[in-house]
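# This is a predicted model, with the sequence first.
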Amino acid sequence: MPPLKYATRTFCIGLISAFAIAGAAADHDTVEEAPEFVDTGTALARALKSSKVIANARIRYEHADFSNFDNNADAFTFRLRLGAETGAFFDTKFLAEFEYVEAFNDNFNSTRNGVTDFPVVADPEA
């Protein structure tokens, strides 16, 4: 039961604070105008119009030469990232990305490809 008492106290303090802030705001003589109605169709069209395409391609080569291996490792990989990000729609953006990675050779140990007679090339597919 002690956690319940603590939660009740926190709730009461929060409620009292909310009333104090509301009372302070009510003391002002200014009247705020109601927010304008936002046409969701126009907002969505604006968000889609300000969308952008994301494209990134990278070719990577890494060489590893360790004295305890008979073979040297040579990792040659390609990464392609494609995506799209919308503009803000009610202060929210949406992002979708796709990533494709291809290894052009298998002269390295990626710790996933099963090639253990070559040195490890750390994170060859990133």
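Looks like it came in fine.
# what residue ranges in this structure score low on pLDDT?
Filtered on pLDDT under 70, the chain yields the residue ranges 1-38, 123-126.
# And the helices in it?
For the chain, the helices defined by DSSP state H cover 2-26, 40-49.
# contacting residues around Val115?
Asp106, Asn107, Phe108, Asn109 (Cβ atoms under 8 Å, 6 or more residues apart in numbering). Where you see a C-beta, it was placed from the backbone N, CA and C, and this is true even at glycine.
# ok, Asp91 - how many residues close by?
5 (other Cβ atoms under 10 Å).
# any idea how far Val121 is from it?
According to Cβ to Cβ, to the nearest Å, Asp91 stands 43 Å off from Val121.
# got it, and Asn105?
Taking Cβ to Cβ, one finds Asn105 at 11 Å from Val121.
# Of those two, which one has the most company?
The residue with more neighbours, out of Asn105 and Val121, is Val121; 23 against 11, by other Cβ under 10 Å.
# Run through the residues that contact the more buried one.
Glu62, Ala64, Ala73, Ala75, Phe108, Asn109, Ser110.
# repeat that for 6 Å
Glu62, Ala64, Ala73, Ala75, Phe108 (Cβ atoms under 6 Å, 6 or more residues apart in numbering).
# who's the second one bridged to?
For Ala64, the residues forming beta bridges with it (DSSP bridges) are Ala73.
# I'd like to know how many residues surround it.
Counted with other Cβ under 10 Å, the neighbours of Ala64 add up to 19.
# Distance of it relative to Asn72?
7 Å.
# Repeat that for the first one.
Summarising the geometry, the distance separating Glu62 from Asn72, computed by Cβ to Cβ, is 11 Å.
# One more: Asp65?
5 Å.
# Those two: who's more crowded?
A side-by-side neighbour count of Asp65 and Asn72, using other Cβ under 10 Å, places Asn72 first with 13 against 10.
# Residues in a beta bridge with the residue nearest to Ala103 when sequence neighbours are not counted, which ones?
Sequence neighbours aside, Thr77 is the residue nearest to Ala103 in space, at 5.1 Å (criterion: Cβ to Cβ, 6 or more residues apart in numbering). On the basis of DSSP bridges, Thr77 is bridged to Arg60, Ala103.
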